[in-house]
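# here are the coordinates; sequence isn't available:
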């Protein structure tokens, strides 16, 4: 594989070259089809992309991490607004979020947005 091809792959994927190269050779080693190794670019690229695909469980973990980060950030922002004597919630922003989620995800999008907003409410008291 030429350095140009590796550099292009790095630029397109954002994966550092050394990591990309290890993934590339790992995918080659797992491939049972010798034509992929012999240079069929489409099959070779598919094998590389498949090797880099996260599993559904990995995506779920990322989503949960992002949801928790979002809730923590929103809670801090609400507490800061409250400390400044402002309303904790910005209803226009919340409504805009629900509309964005609905526009991209349909009816279920508004349910997801509403659940995220509920998780973002700071605990009262203590």
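Structure's in. What do you need? Predicted, not measured: the structure shown is a model, and the values here were computed from it. Numbering: from 1, shown residues only.

# Pretty sure residue 105 sits against residue 112.
Yes. At 6.5 Å, residue 105 and residue 112 qualify as touching, with contact defined as C-beta atoms under 8 Å. No exception for glycine: its C-beta is placed from N, CA and C like everyone else's.

# Using the three-state scheme, assign residue 123.
Following DSSP: H, G, I helix; E, B strand; the rest coil, residue 123 is assigned to coil.

# What about it, how many residues nearby?
6 (other C-beta atoms under 10 Å).

# and what of residue 108?
Residues near residue 108, counting by other C-beta under 10 Å: 10.

# cool, residue 47 as well?
The burial count for residue 47: 19, using other C-beta under 10 Å.

# Tell me which helix or strand residue 64 sits in.
helix 56-83 (DSSP states H and E).

# elements contacting the helix or strand following that helix?
As assigned by DSSP H and E, the chain's next helix or strand after helix 56-83 is helix 91-105. With contacts taken as 3 or more C-beta pairs under 8 Å, 6 or more residues apart in numbering; DSSP states H and E, helix 91-105 sits against helix 107-119.

# So which residues make contact with the helix it packs on?
With C-beta atoms under 8 Å, 6 or more residues apart in numbering as the test, helix 107-119 has contacts from 67, 70-71, 94, 97-98, 100-103, 105.

# do that again at 10 Å, thanks
Contact with helix 107-119 is made by 67-68, 70-72, 74-75, 89, 93-105, as judged by C-beta atoms under 10 Å, 6 or more residues apart in numbering.

# filter those to the buried ones?
Neighbour counting with 16 or more other C-beta atoms under 10 Å marks 71, 74-75, 89, 94, 97-98, 101-102 as buried within the contacts of helix 107-119.

# Identify the farthest-apart pair in the residues you listed.
In the buried ones among the contacts of helix 107-119, two members sit farther apart than any others by C-beta to C-beta. They are 75 and 102, at 23.6 Å.

# returning to what we had before: average pLDDT across the helix holding residue 64?
Averaged across helix 56-83, pLDDT comes to 93.
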